[in-house]
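> predicted model and sequence below, questions to follow.
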Amino acid sequence: MVSVCMLTELDSYRRFVPYKNPGGMGTNAPMVAKELERLGCRVYFNKPREEYDVLHVHSPLPNSFVWALRRRLAHRPLVVHGRHLPELVKGGFVGGSLFYPFVRGYSRLFYNLGDVVLGATPYVAKALARDGVKGPFRTIPNGINREVFTRDEVKGAAFRKRLGIGEEQRVVVTVGLRIPRKGVDTFVNVARNLQDRNDIRFVWVGASEMLLEDALDESPPDNVVFPGHVPFEDIVGVYSSADLFIFPTRAESYGNAMLEAASCGCPLLIRDIPVYEDWVVEGRHCLKARSDDDFARKVESLLDDDALRRRMIGGARGLAEEHDIRRAAEMLKGLYEELASGRPRS
């Protein structure tokens, strides 16, 4: 039985940075750990002092760097996860553009410690290789727990009621940190372009956090609501309230929220960016947009064209199925067994 330590470090930082949103890593990694245990892996979660076959580091935080360096020097199996691309600090952290060169250099050192550099999408390998990371790279999706992320009309109706949105209105939702990189400006501009549609409401779920820029629009149009942070245990109600999920983010390494919404039966409208080139197919899984006007046109198409809407709901669910968490856990288990056995990596 292969054993692994999955190290995120998040809990140890909560007392210094009292964040509410643990991000995709904080919600996804514990679910993956449970799936690995179902498959017979022994998982030590955030317990790097235990004895195990493989260390799987999920973030480039200082303690994780130290543990990764120890493994490297001891010639013991190490996986480093490319969840945090250097480019993501821009448009997110306060002063991100200024300290981007440092983050890029530090990340190169960190990721080059790994026996394998893991990415959820092919874009991760391309981006990190461009920054000087040597690999070898392996692509394994983060995975979506489709048993958790399933549409619940009762929870959806409760969320609508909380916001004062009527049953007859169409709801366009996004979920994410309220930071510039996520495309808050596009979201508000699309709503502004569609102000004459009294039947559509736009809801941005998520807030900023300490050390992050806040992109809250202080004077949004009347058809936009910013309810702030919603706890993870209530997020299915958010997705279930939506007639459409819009994802205007300008940079990602994966996009857990998009896959969660897809699993909950939301049609997807996403920004056409490189990370989605190889595996999210326009016209099959979603619609893609490049400009604010393009987003506005396609919002109306997905809400008004019933045949298109039904097709995109089916395509989105198919995308979530392709990224089922059990499949991701099986791929991870295979990787851990390769590393533990000392077989060559490529």
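Sure thing, it's come through.

> pLDDT score assigned to Pro60?
Pro60 carries a pLDDT value of 89.

> tell me the domain boundaries of the protein?
3-143+325-341, 153-322 (automatic domain parsing).

> end to end on the last one, go ahead and measure it.
One end of domain 153-322 sits 24 Å from the other (C-alpha to C-alpha, to the nearest Å).

> got it, and the first one?
End-to-end distance of domain 3-143+325-341 (C-alpha to C-alpha): 12 Å.

> residue ranges in this structure under the pLDDT threshold?
Across the chain, the ranges flagged by pLDDT under 70 are 10-23, 343-346.

> now tabulate the domains of the chain in TSV and tack on mean neighbour count.
For every residue, glycine as well, the C-beta is placed using N, CA and C. Listed next are these as TSV, based on neighbours: other C-beta atoms under 10 Å:
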stretch	mean neighbour count
domain 3-143+325-341	18
domain 153-322	19
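
> where exactly do the helices run in the stretch 201-346 of the chain?
Taking DSSP state H, counting those that start in this stretch as the criterion, the stretch 201-346 of the chain carries its helices at 235-240, 256-263, 292-304, 306-322, 325-341.

> report the angle between the second one and helix 306-322.
Counting by axes from the mean of the first three to the mean of the last three C-alpha atoms, to 10 degrees, helix 256-263 points 120 degrees away from the direction of helix 306-322.

> distance from the chain centre to helix 256-263, please.
8 Å (C-alpha atoms, centre = their mean, to the nearest Å).

> remind me what that helix packs against, helices and strands.
Secondary-structure packing of helix 256-263 (3 or more C-beta pairs under 8 Å, 6 or more residues apart in numbering; DSSP states H and E): helix 23-38, strand 170-175, helix 235-240, strand 244-247, strand 268-271, helix 306-322.

> please redo it, this time with the cut-off set to 7 Å
Here helix 256-263 touches strand 268-271, helix 306-322, going by 3 or more C-beta pairs under 7 Å, 6 or more residues apart in numbering; DSSP states H and E.

> can the ones you listed go into JSON lines with extra columns for distance to Glu277?
Rendered in JSON lines, the data for the helices and strands packed on helix 256-263 read as follows (distance: least, C-beta to C-beta, whole Å):
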{"stretch": "strand 268-271", "distance to Glu277": "12"}
{"stretch": "helix 306-322", "distance to Glu277": "14"}
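
> which among those is found nearest to Arg290?
strand 268-271 (7.2 Å; C-beta to C-beta).

> contact partners of that closest one?
For strand 268-271, contacts defined as C-beta atoms under 7 Å, 6 or more residues apart in numbering pick out 183, 244-250, 258, 261-262, 276, 280, 285-289, 295, 298-299, 302, 312, 316.

> same thing but 6 Å
245-248, 262, 286-288, 298, 316 (C-beta atoms under 6 Å, 6 or more residues apart in numbering).

> what of stretch 249-262?
24, 28, 83, 85, 87-88, 120-121, 124, 142, 144, 149, 175-176, 181-183, 239, 245, 247, 268, 275, 316, 319-320, 323.

> over to stretch 74-91?
Residues outside stretch 74-91 that contact it (C-beta under 6 Å, 6+ apart): 25, 54-58, 60, 68, 71, 96-97, 100, 103-104, 107, 111, 114-119, 124, 127-128, 131, 180-181, 251, 253, 339.

> okay, and which of those map to strands?
Secondary structure from DSSP state E places 54-57, 116-119 of these in strands.

> closest to Phe159 out of these?
Using C-beta to C-beta, Gly119 comes nearest to Phe159 of the ones in strands among the contacts of stretch 74-91, at 33.0 Å.

> dump the helices of the stretch 201-346 of the chain to JSON lines, plus distance to His229.
As requested, the helices of the stretch 201-346 of the chain are arranged in JSON lines below (distance: least, C-beta to C-beta, whole Å):
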{"stretch": "helix 235-240", "distance to His229": "10"}
{"stretch": "helix 256-263", "distance to His229": "13"}
{"stretch": "helix 292-304", "distance to His229": "24"}
{"stretch": "helix 306-322", "distance to His229": "24"}
{"stretch": "helix 325-341", "distance to His229": "24"}
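
> which one of the ones you listed lies closest to Val224?
helix 292-304 (12.9 Å).
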